[in-house]
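Asks: Starting from these lines, generate the structure:
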Amino acid sequence: MKYEIIIYWSEADDAFIAEVPELPGCMAEGKTYQEAVSNVEVVGREWIEIAAELGRTIPKPKGRLMYA
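Replies: Below you'll find the model as predicted:
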């Protein structure tokens, strides 16, 4: 997947959270950093597949995004 992934630790979830900001609502969690990345890659592919099936616009990856 060529989209930027943001990963952070969530005390509330006791897990790493991985988000793909360019794909609204695309996020996953994992007990390890690697598990969160792996899970969000699966969810990201599914997000794109479902968007295509529904005829929705799929954003092109922008590369590195800037967040504060």
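
Asks: Contacts only, for the residue nearest the centre of the chain.
Replies: Using C-alpha atoms, centre = their mean, the residue of the chain that lies closest to the mean C-alpha position is residue 20, 3.1 Å off. Contacts here follow C-beta atoms under 8 Å, 6 or more residues apart in numbering; on that basis residue 20 touches 1, 3, 4, 5, 6, 26, 27, 40, 43, 44, 47. The C-beta positions use only the backbone N, C-alpha and C, and glycine is treated the same way.

Asks: of these, closest to residue 55?
Replies: Distance to residue 55 across the contacts of residue 20 (C-beta to C-beta) is lowest for residue 47, with 14.4 Å.

Asks: which other helices and strands contact the strand or helix carrying the closest one?
Replies: Under the criterion of DSSP states H and E, residue 47 resides in helix 33-53. Under the contact criterion of 3 or more C-beta pairs under 8 Å, 6 or more residues apart in numbering; DSSP states H and E, helix 33-53 touches strand 6-10, strand 15-19, strand 27-30.

Asks: Which entries within the contacts of residue 20 meet the buried criterion?
Replies: Buried members of the contacts of residue 20, scored by 16 or more other C-beta atoms under 10 Å, are 1, 3, 5, 26, 27, 40, 43, 44, 47.

Asks: pLDDT at the first one, what is it?
Replies: When you say that, I think you mean residue 1. The confidence metric pLDDT takes the value 80 at residue 1.

Asks: and it, what does it touch?
Replies: Counting by C-beta under 8 Å, 6+ apart, the residues that residue 1 touches are 20, 41, 44, 45.

Asks: The last one: what's its closest spatial neighbour, skipping adjacent residues?
Replies: Nearest in space to residue 45, with sequence neighbours left out and distances taken as C-beta to C-beta, 6 or more residues apart in numbering, is residue 1 at 7.0 Å.

Asks: Tell me how far that neighbour lies from residue 22.
Replies: 10 Å (C-beta to C-beta, to the nearest Å).

Asks: related to what we said a few turns ago, turn the contacts of residue 20 into CSV, columns for distance to residue 60.
Replies: Below are the contacts of residue 20 laid out as CSV (distance: C-beta to C-beta, whole Å):
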residue, distance to residue 60
1, 13
3, 9
4, 12
5, 16
6, 18
26, 15
27, 20
40, 18
43, 19
44, 14
47, 14
